[in-house]
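>>> Prediction below, plus the sequence it came from.
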Amino acid sequence: MEQRKLMLPAFHGVFGLDPGERLDLLRERLSAMLAFGDRPISLLPPPPGPLATVLERRGPFAGFLRLQEEADELLFELIDERRREEAERDDILSMLLDARHEDESPMSAQELRDELMTLLVAGHETTASTLAWTFERLVRLPTVLARLTEEIAGSDGDAYITATVQEALRRRPVLPNAAPRLVKQPLEVGGWRYPTDVCLVPNAYLLHHDREIHADPYSFRPERFLEEPPGTYTWIPFGGGRRRCIGASFAMLEMKIVIRSMLAAQAVEPVAPRPERARRRNITITPEAGSRVTLSAPQREPVPSG
């Protein structure tokens, strides 16, 4: 389950792009930009000033900036075309084109570009990484995989698929930390007092593996979420409390569709005998080898005749 390439459905849902030359060009450039995030230097952009200008032209950021310019050119061209269209569409770009500020003015091309990039890159990378972790776990847990495949083959709903995705997000949150909070007035948390202007960062991994909250936390057991749904403040892969990821529901739906489609058509087995270790990819934590699995035609039970 290698997640290097941006998924095609994301381009259709976000941009309304169907397979073709423009989609291929944009997908190639955005995927290359994401790959640059694998490099440690991507976390250390040059400081403002003359040195930054030199490094942007000749250093490791030069290629990234060229890709960004080419991607922006494709996006601005698409935005201009869609502004002139009168056809009804249901993709996110169309909804953003219809959106208005408080003074009834439309979003600028730059605002649209920024929103689209955030939705595609942030939404894709996290979802793809969670899918990779899900399959990395499934191929090593035959009991879970068998129950999941049985539910997919039946018609009893998707409770176990939902619980499996929730458990993957608990066990391997691809963003280890939830969004930070700035303390605006002194408060006490867990016996510790914090003054104003302190930044508090909830750690999803530590919270998800707290034995007082989740029994047997290092086991992959989707059944825990059949017994009791995830807690608002104890399961925070999308953030916690009132401030959560706006794309959480869409991401859950997308992951369930991918898992159902994959397991309905293919049998999956691990390539390597040992579990994959975690590594950083951009701002996410992913399987070291990209969750490599072997796909084959599933062995179906014969249907009784008569």
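Okay, I see it.
>>> do you know how far residue 262 is from residue 134?
10 Å (Cβ to Cβ, to the nearest Å). Every C-beta, even on glycine, is put in place using the N, C-alpha and C of the backbone.
>>> Just want to know which of the two has more residues nearby.
Here residue 262 and residue 134 are set side by side on neighbour count (other Cβ atoms under 10 Å), and the busier one is residue 134, at 26 against 19.
>>> tell me the contacts of the more buried one?
Residues in contact with residue 134, defined by Cβ atoms under 8 Å, 6 or more residues apart in numbering, are 164-165, 168, 255, 259.
>>> Looking at the residues you listed, which is nearest residue 76?
Taking Cβ to Cβ as the measure, residue 76 lies nearest residue 255 of the contacts of residue 134, at 31.1 Å.
>>> Just the element for that closest one, please.
Counting by DSSP states H and E, the element that carries residue 255 is helix 248-265.
>>> Do me a favour and average the pLDDT over stretch 133-144.
Taken as a whole, stretch 133-144 has an average pLDDT of 95.
>>> Is the residue nearest to residue 222 when sequence neighbours are not counted within a helix or a strand, and which one?
Computed as Cβ to Cβ, 6 or more residues apart in numbering, the closest residue to residue 222 that is not its neighbour in sequence is residue 163, at 3.9 Å. Element membership for residue 163 (DSSP H and E) is helix 159-171.
>>> elements contacting that helix?
With contacts defined as 3 or more Cβ pairs under 8 Å, 6 or more residues apart in numbering; DSSP states H and E, the packing partners of helix 159-171 are helix 123-138, helix 142-153, helix 224-227, helix 248-265.
>>> and the angle for it with helix 123-138?
Interaxial angle of helix 159-171 relative to helix 123-138 (axes from the mean of the first three to the mean of the last three Cα atoms, to 10 degrees): 100 degrees.
>>> Poorly predicted segments of this structure, please.
The chain contains residues with pLDDT under 70 at 1-10, 46-47, 49-56, 299-306.
>>> Nearest residue to the middle of it?
Against the mean C-alpha coordinate of the chain, by Cα atoms, centre = their mean, the closest residue is residue 126 at 1.9 Å.
>>> so that residue makes contact with residue 176?
No. Using Cβ atoms under 8 Å, residue 126 is not in contact with residue 176; the gap is 11.9 Å.
>>> tell me, what's touching these two both at once?
Between them, residue 126 and residue 176 share no contacting residue, judged by Cβ under 8 Å, 6+ apart.
>>> count of neighbours near the nearest residue to residue 221 once chain neighbours are set aside?
Spatially, and ignoring its direct neighbours in sequence, residue 221 is nearest to residue 167 (6.6 Å; Cβ to Cβ, 6+ apart). For residue 167, the neighbour count with other Cβ under 10 Å is 25.
>>> do the same with residue 64
Neighbour count of residue 64, defined by other Cβ under 10 Å: 20.
>>> Now do the contacts for it.
33, 36, 42.
>>> Centre of the chain to whichever strand or helix holds it, how far?
Using DSSP H and E, residue 64 falls within helix 61-84. Computed by Cα atoms, centre = their mean, to the nearest Å, the chain-centroid distance of helix 61-84 equals 22 Å.
>>> Moving C-terminal from that helix, which element do we reach first?
Toward the C-terminus, helix 61-84 is succeeded by helix 92-98 as the next helix or strand (DSSP H and E).
>>> Can you tell me the closest non-neighbouring residue to residue 186?
Spatial nearest neighbour of residue 186, excluding adjacent residues (Cβ to Cβ, 6+ apart): residue 195 at 5.6 Å.
>>> hang on, isn't the one you found packed against residue 187?
No. Residue 195 is beyond contact range of residue 187, at 9.2 Å (criterion: Cβ under 8 Å).
>>> give me phi/psi at the residue lying closest to residue 198 once chain neighbours are set aside?
Spatial nearest neighbour of residue 198, chain neighbours left out: residue 183 (4.6 Å); criterion: Cβ to Cβ, 6+ apart. For residue 183, the backbone dihedrals (degrees, to the nearest 10) come out as phi -70, psi 120.
>>> Number of residues surrounding residue 298?
Close neighbours of residue 298, defined as other Cβ under 10 Å, add up to 13.
>>> scratch that, residue 14
Counted with other Cβ under 10 Å, residues neighbouring residue 14 total 20.
>>> so how far is residue 27 from it?
Relative to residue 27, residue 14 is positioned 12 Å away (Cβ to Cβ).
>>> go on, residue 212?
To residue 27, residue 212 is 45 Å away according to Cβ to Cβ.
>>> neighbour-wise, which of these two wins?
residue 27 (20 against 7).
>>> Could you say which helix or strand holds that one?
Secondary structure from DSSP H and E places residue 27 in helix 21-36.
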